[in-house]
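Engineer: Here is a sequence together with a model predicted from it:
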Amino acid sequence: MMNDPSFVISVGPVHPALKEPIELVLRVEGERIVDVDVRCSQAHRGIEWLGMNRNNAIQTIYLAERVCGICNVCHPYCMVMAVEDAAEIDVPERAHYIRTVVAELERIHSHLLWAGVAAHEIGFDTVFHYTWALREEIMDTIEFVTGNRVTKGIMMIGGVRRDITPERAERIRRAMRYYLEKFSKIEDILLHDTSIMMRTRDVGILTREDALSLCAVGPVARASGVPKDVRQDSPYGAYADIGVDAVTPDNYTGEVHGDVYDRIIVRLLEVKQSIDIINAALDNIPSGPILWESNYVKLLSILKRAEGEGIGRVEAPRGEDIHYVRLEKGRESLLSWKIRAPTYNNVLPWIPMLLGAEIADVPIVAASTDPCMSCLNRVTVVDEARGNEFYLTKEKMHEMSILKTRRLMRNV
Amino acid sequence: MHVQEILSKINDNFRCEVKLQTRAAGVKRIERHEIFVRIPREKFRDFVKFLFEIQDHPHFSVISATDLGDKMELLYHFTVDYGKRNEEKVITVCVSLPKDDLRIESITDLIPGAHISEREIHEMVGVEFSGLKDTRHFFLPDDWPDGKYPWRRDDTFPGEMVNKLYETWKEGCGDDE
């Protein structure tokens, strides 16, 4: 006989969405989660260190681009903003608009990618394939506009490296028309489907109070009714001209639950918002230069002589991204560089979201904050009282999630 | 609260160095404000409490650290007045700590969201946060050697590990020797 009915389950740690892998240690009683601990101590790549010691400021842009495979616009965007802030570089207006368009293209592709992953986590693979097929259009557009499908390589200190020509603008407009046509179908699938509703409504709730005190950011905070969006609060780039309002679920349903379903609403409405922003930016893009200084050798020497500190803040698809940079006269690399990716702040909110949930809900709840889910590849279940240890694989956990969906469907 | 009002409140309540950086965006040149406050360690907690007067829940972003030789500078990045269009201000609170006495009070009781960041600075820089209950490693592995701090520019920096990284990267280097 066991006195303590609880088990410890560790979920993770391999987790490439963050710049660090992440591990969830869950204490469960039966199916219910009673305690949660989060651990990231697996592999820190030391990107900040490289930017502070090995590379010069321009090379560091490309390091920043590789912080995250999906957010490869917002990190370099943040980093160049911080350097421009520190060195007092004034970016040409046209470059502001191009940056905004590229950042919004990234948001559309990231939110569609997430919608597919979320559907997959609850065993709805037709939606997974459908949304990822839709996402191809935006990937092709990104490739056409920037020359690269994944890492765009478009940011430069003082502007952007490539212009949006009329031909490229037309390609973007075509993609926007495509998504507007498809939008009602995606909306219908994700927001009005019974099984999605059952698996996500009132699951993984984050209250407004918890979102505020744990400093949640991005769609996670907004879904809990905190209208926080860097594009709205302290606009940068072309957002200042266009005017952005934070999307909260009450815009759609008139109420805020702070659950997984609300996070779906927020991300979906943000896709539509991004389409509007891109169209507005393309309509009003001013002409002129796209770089403050096109001679990079000269730019480097200016940066080497600059002294100061700056902050770059960007609303990444996952929330507020912030970089702090400090420049020292005579130093080629940055004296100080701190990256804070949005998921960093969205890790602590996992704890209140998962408490009281079932193991089968872990995939969808964890995925609802939009990290990469390969952390579920290896799950160890330790029966402390008996000293036994066995493994729960990602596949097994995924299967449990699907079975839960089927179980719920039978009762409809 | 208007940025000038915040600045005058800071000047009234705290004797410290304040710097305002204003940057404009877009064709409309809409301004955003960053306030840098350099404050002594003793006054730091009072300042964080003061931020609650501006907004119920000041948003805590992260702590950055800069090694300046004999001292370590911690920068706490907060934002206030978020949720309103064009109103948000970034307030960065800088505290200089002497290298031989890297101690500061924890703010996790005021802002629970600062938990991860304090643990990070604890392991990367070696700052002791009084009041921080959980001081386990967060980003570094559990078997990380004591007294080695990757974000410092002094003897405690684990330089030998960086060299090893390079050797493993060079193809065949380890086998030939």
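Structural biologist: That came through, no problem. The structure displayed is predicted, hence computed values, not measured ones.
Engineer: Could you check how far residue A:142 is from chain B?
Structural biologist: Separation of residue A:142 from chain B (Cβ to the nearest Cβ, to the nearest Å): 23 Å. No exception for glycine: its C-beta is placed from N, CA and C like everyone else's.
Engineer: and that residue, that's in a helix?
Structural biologist: Yes: counting by DSSP: H, G, I helix; E, B strand; the rest coil, one finds residue A:142 located in a helix.
Engineer: Contacts only, for it.
Structural biologist: A:102, A:105, A:106, A:109, A:148, A:149, A:152 (Cβ atoms under 8 Å, 6 or more residues apart in numbering or on different chains).
Engineer: cutoff 7 Å now
Structural biologist: The contact partners of residue A:142, by Cβ atoms under 7 Å, 6 or more residues apart in numbering or on different chains, come to A:105, A:109, A:149, A:152.
Engineer: burial count for the nearest residue to the third one once chain neighbours are set aside?
Structural biologist: Using Cβ to Cβ, 6 or more residues apart in numbering or on different chains and skipping the chain neighbours, the partner closest in space to residue A:149 is residue A:143 (4.4 Å). A count of nearby residues for residue A:143, using other Cβ atoms under 10 Å in any protein chain shown, gives 14.
Engineer: ok, now the one 3 residues further on?
Structural biologist: Counted by other Cβ under 10 Å, the residues lying close to residue A:146 total 22.
Engineer: and the end-to-end length of stretch A:52-63?
Structural biologist: Terminal residues of stretch A:52-63 are spaced 11 Å apart (Cα to Cα, to the nearest Å).
Engineer: List the buried residues for that stretch?
Structural biologist: Judged by neighbour count (16 or more other Cβ atoms under 10 Å in any protein chain shown), stretch A:52-63 contains these buried residues: A:52, A:55, A:57, A:58, A:60, A:61, A:63.
Engineer: In TSV: these, plus distance to chain B and secondary structure.
Structural biologist: Compiled in TSV, those are given as follows (distance: Cβ to the nearest Cβ, whole Å; DSSP: H, G, I helix; E, B strand; the rest coil):
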residue	distance to chain B	secondary structure
A:52	8	helix
A:55	14	coil
A:57	16	helix
A:58	21	helix
A:60	15	helix
A:61	19	helix
A:63	15	helix
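Engineer: now stretch B:53-69, how far from the centre of its chain.
Structural biologist: Distance of stretch B:53-69 from its chain centroid, counting by Cα atoms, centre = their mean, to the nearest Å, is 6 Å.
Engineer: remind me which residues of the chain are low pLDDT?
Structural biologist: I went with chain A, as the question did not name one. Across chain A, the ranges flagged by pLDDT under 70 are A:1-2, A:11-22, A:40-45, A:371-397, A:411-412.
Engineer: I was thinking of chain B, sorry if that wasn't clear
Structural biologist: Applying pLDDT under 70 to chain B picks out residues B:162-177.
Engineer: Nearest the geometric middle of it, what residue?
Structural biologist: Using Cα atoms, centre = their mean, the residue of chain B that lies closest to the mean C-alpha position is residue B:63, 2.0 Å off.
Engineer: From what I see, that residue and residue B:119 are in contact.
Structural biologist: No: using Cβ atoms under 7 Å, residue B:63 makes no contact with residue B:119, being 10.3 Å away.
Engineer: ok, the closest residue to chain B within the stretch 151-300 of chain A - contacts?
Structural biologist: For the stretch 151-300 of chain A, the residue closest to chain B is residue A:215, as judged by Cβ to the nearest Cβ, at 3.0 Å. Listed by Cβ under 7 Å, 6+ apart, the contact set of residue A:215 reads A:345, B:59, B:60, B:111, B:113.
Engineer: Compute the distance between the residue sitting nearest the centre point of chain A and residue A:347, please.
Structural biologist: Residue closest to the mean C-alpha point of chain A, counted by Cα atoms, centre = their mean, is residue A:318 at 2.8 Å. Distance, residue A:318 to residue A:347, by Cβ to Cβ, to the nearest Å: 11 Å.
Engineer: swap in residue B:117?
Structural biologist: Counting by Cβ to Cβ, the separation of residue B:117 from residue A:347 is 11 Å.
Engineer: How about residue A:173?
Structural biologist: Taking Cβ to Cβ as the measure, residue A:173 falls 38 Å from residue A:347.
Engineer: So these two - more neighbours on which side?
Structural biologist: The neighbour count for residue A:173 versus residue A:347, taken as other Cβ under 10 Å, is higher for residue A:347 (21 against 15).
Engineer: The residue nearest to residue A:149 against residue A:151, yeah?
Structural biologist: No: here residue A:143 lies out of contact with residue A:151, judged by Cβ under 7 Å, at a distance of 11.2 Å.
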